[in-house]
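Visitor: predicted model, plus sequence, below.
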Amino acid sequence: MKMGSVKLPQKENKGKKNKSNFVVAFASGKGGTGKTSVVLNTARVLSKQIFVFDCDVEEPNCHIFLGNYLTEKKEVTIFNPIINKEQCTGCGECARFCEEKALVCWGSTPILFPEMCSGCKGCKLVCPTNAIIEGEREIGKIEVRQAGNIHLFSGIMNVGEESPVPIIKKLKDMIPERNISFIDAPPGSSCPVVASVLNSNYLVLVAEETPFGLSDLQLVIELAKKMEIPVGVVNNRKGLGKENISDFLKRFDIPLLLEIPYDKEIFNAYSKGKLIVDESKKYRELFENFARLLLDEVEKKAGKNDQK
Amino acid sequence: MKIAIPLLGKDMSSPVNDRFGRAEIFVIFDTSTTSFEIIDNSDNKSLQQGAGTQTAEFIIKKNVNVLLANNVGPKALKVLELANVKVFRVPEGTTAEQALNLYNEGKLLLS
Ligand code: SF4
Ligand code: SF4
């Protein structure tokens, strides 16, 4: 599919209001592909309220481009097991159950490594003597900002925590109904990416045409396939590498939704913490076309998925 | 007394494995019988997280009193400490036999 070949009239969009409730995740096989800038520029040109979730909780960066209009900040806490020594027999059931290996037990009261605990409560459930009581532990924060049409929810993981997954889950609990939400997933193709992308209606992969970029891209494409989420690709910084992304994507039957040139102007805006669509008419148009194409794709493919 | 050492090979002349939690093989030397036993830690070795602490639990359950190792992470060290296992640091590249001799001669330092 060529960029801009499909134009979706505004009206049609308004007519199907209930259908415009969907979640689009943005991911990339590796870091540094400019994913955040694609997410925010696209969100900006949509002429409606949009909810963006920054799930890169180890290094959230969306807020840098939206100014510091903090409207809400709250702590994220999860279940934390507290073991009552009097009641504990040292049987080790809890430690055997714990998938995170956060509990260690060799016959006496187990020791807990809180930073490894995901708060699943499994240990509490399996303890035969009810020795585990419910405690709470702060694992990070969620910050909410609003700038123009964008409502940004950023997860921030506390230093020393081992897994970003619990905070990503808490963040995604805040996805509103009856709206369009964008998810900015962390880079890579591991557990935190799966947690971020899970249950999305569509996945946009931001890639670059370097050999490394393409092999990383392939990993995420395979992941999306397993998760049964339809995929489209944005080629950021076209002309940077020598590989050919369209040939590559044909092999997977995946549409190339947008190609963004490797342009100093974009880079300058980015390094000043600005969105290129606010600075340049040319790029505003490019992203407007992309947003339309994207919404069209999502309605088409996510709709298909619903009928399954 | 029982002394545990993470190893790269399966006999006393193999060098000490410098990655405690990821060591597949441990030797446990029993000073009262001067015999040794080779044990397999491959279940813990491949854990995504907690390899160190699980390995510590594993050797504690073997009633080990002393661990001779090159590099033990802070969490595993905490577990071993709570179970009263003394951890001594051996130089990189030392064989199990050499490590035991150094320990007997009192030449090793506590981790
Ligand atoms: S809550 Fe879950 S992860 Fe945490 S210690 Fe219990 S079983 Fe392990
Ligand atoms: S399951 Fe309960 S009784 Fe058994 S070791 Fe864990 S806390 Fe103690």
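Guide: Cool, got the structure. Ligands and ions are numbered 1, 2, ... in the order given.

Visitor: strands of chain A, start to end?
Guide: A:22-27, A:50-54, A:70-83, A:103-104, A:111-112, A:132-147, A:150-157, A:180-184, A:202-207, A:231-238, A:256-261 (DSSP state E).

Visitor: could you dump these to TSV with distance to chain B, mean neighbour count and mean pLDDT?
Guide: C-beta here means a position set from N, CA and C on the backbone, and glycine is covered the same way. Formatted as TSV, the strands of chain A follow (distance: least, CB to the nearest CB, whole Å; neighbours: other CB atoms under 10 Å in any protein chain shown; pLDDT from 0 to 100):
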stretch	distance to chain B	mean neighbour count	mean pLDDT
strand A:22-27	21	24	94
strand A:50-54	24	24	96
strand A:70-83	14	16	93
strand A:103-104	5	26	96
strand A:111-112	6	21	96
strand A:132-147	15	18	95
strand A:150-157	15	23	95
strand A:180-184	24	24	96
strand A:202-207	24	27	93
strand A:231-238	26	23	87
strand A:256-261	34	20	91
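
Visitor: residues in a beta bridge with the closest residue to A:Lys172 other than its chain neighbours, which ones?
Guide: Using CB to CB, 6 or more residues apart in numbering or on different chains and skipping the chain neighbours, the partner closest in space to A:Lys172 is A:Phe53 (6.6 Å). On the basis of DSSP bridges, A:Phe53 is bridged to A:Phe153, A:Ile183.

Visitor: A:Phe53 and A:Lys169 touch, don't they?
Guide: No: counting by CB atoms under 8 Å, A:Phe53 sits too far from A:Lys169 to count as a contact (11.4 Å).

Visitor: quick one: distance of the longest helix along chain A to the chain centre.
Guide: The helix that spans the most residues within chain A, counting by DSSP state H, is helix A:281-306. Mean C-alpha position of helix A:281-306 versus that of the full chain (CA atoms, centre = their mean, to the nearest Å) differs by 18 Å.

Visitor: just stretch B:74-87 next, same as before
Guide: 11 Å.

Visitor: and what of stretch A:21-38?
Guide: Distance, centroid of stretch A:21-38 to centroid of chain: 7 Å (CA atoms, centre = their mean).

Visitor: what does stretch B:87-96 give?
Guide: 9 Å.

Visitor: give the buried residues for that stretch.
Guide: Neighbour-count burial for stretch B:87-96 flags B:87-88, B:90, B:94-96 (criterion: 16 or more other CB atoms under 10 Å in any protein chain shown).

Visitor: quick one: contacts of it?
Guide: B:5, B:7, B:11-16, B:18, B:27, B:29, B:66-70, B:72, B:77, B:80-81, B:99, B:102-103, B:108-111 (CB atoms under 8 Å, 6 or more residues apart in numbering or on different chains).

Visitor: just stretch A:139-147 next, same as before
Guide: For stretch A:139-147, contacts defined as CB under 8 Å, 6+ apart pick out A:57, A:63, A:66-78, A:119, A:151-158, A:161, A:166-167, A:170-171, A:174.

Visitor: wondering if it reaches ligand 1 at all.
Guide: No: on the criterion CB under 6 Å from any ligand atom, stretch A:139-147 is out of touch with ligand 1, staying 11.5 Å away.

Visitor: what about stretch A:176-183, start to end distance?
Guide: 12 Å (CA to CA, to the nearest Å).

Visitor: so how far is it off the chain centroid?
Guide: Worked out by CA atoms, centre = their mean, stretch A:176-183 lies 13 Å from the chain centre.

Visitor: ok, now stretch B:67-82?
Guide: The answer for stretch B:67-82 is 9 Å, by CA atoms, centre = their mean.

Visitor: so which residue of chain B comes closest to ligand 2?
Guide: Proximity of chain B to ligand 2 (CB to the nearest ligand atom) peaks at B:Glu57, 12.2 Å away.

Visitor: how many neighbouring residues does that residue have?
Guide: 25 (other CB atoms under 10 Å in any protein chain shown).

Visitor: and if you look at A:Cys191?
Guide: 14.

Visitor: confidence score at the residue sitting furthest away from the middle of chain B?
Guide: Centroid-distance maximum for chain B: B:Gln48 at 20.3 Å, with CA atoms, centre = their mean. According to the prediction, B:Gln48 has pLDDT 82.

Visitor: returning to what we had before: just the buried residues of stretch B:87-96: which are in helices?
Guide: B:Ala96.

Visitor: name the element the closest residue to B:Phe26 other than its chain neighbours belongs to?
Guide: Leaving aside its chain neighbours, B:Phe26 sits nearest to B:Ile39 (4.9 Å; criterion: CB to CB, 6+ apart). B:Ile39 is part of strand B:35-40, with elements assigned from DSSP states H and E.

Visitor: now that strand: mean pLDDT?
Guide: Mean predicted confidence for strand B:35-40 is 93.

Visitor: buried set for that strand?
Guide: Buried residues in strand B:35-40 (16+ other CB under 10 Å): B:Phe36.

Visitor: what's next to that strand, contact-wise?
Guide: Residues contacting strand B:35-40 (CB under 8 Å, 6+ apart): B:7, B:10-12, B:24-30, B:62.

Visitor: same thing with stretch A:38-50?
Guide: Taking CB under 8 Å, 6+ apart as the rule, stretch A:38-50 contacts A:26, A:52, A:62, A:65-66, A:148-151, A:179-182, A:184, A:204, A:206, A:234, A:236, A:258, A:260, A:275-278, A:283-284, A:287-288, A:290-291, A:294-295.

Visitor: OK, contacts around the residue in chain B positioned nearest to chain A?
Guide: Distance from chain A to each residue of chain B (CB to the nearest CB) is smallest for B:Gly50, at 2.7 Å. Applying CB under 8 Å, 6+ apart to B:Gly50 gives the contacts A:100-102, A:113, A:116.

Visitor: what's the answer for A:Phe287, then?
Guide: Contacts of A:Phe287 by CB under 8 Å, 6+ apart are A:41-42, A:44-45, A:277.

Visitor: let's see 7 Å
Guide: A:41-42, A:45, A:277 (CB atoms under 7 Å, 6 or more residues apart in numbering or on different chains).

Visitor: list just the nearest of the residues you listed to A:Ile254.
Guide: Using CB to CB, A:Thr42 is the member of the contacts of A:Phe287 that lies nearest A:Ile254, at 18.1 Å.

Visitor: what separates the closest one from ligand 1, distance-wise?
Guide: 36 Å (CB to the nearest ligand atom, to the nearest Å).
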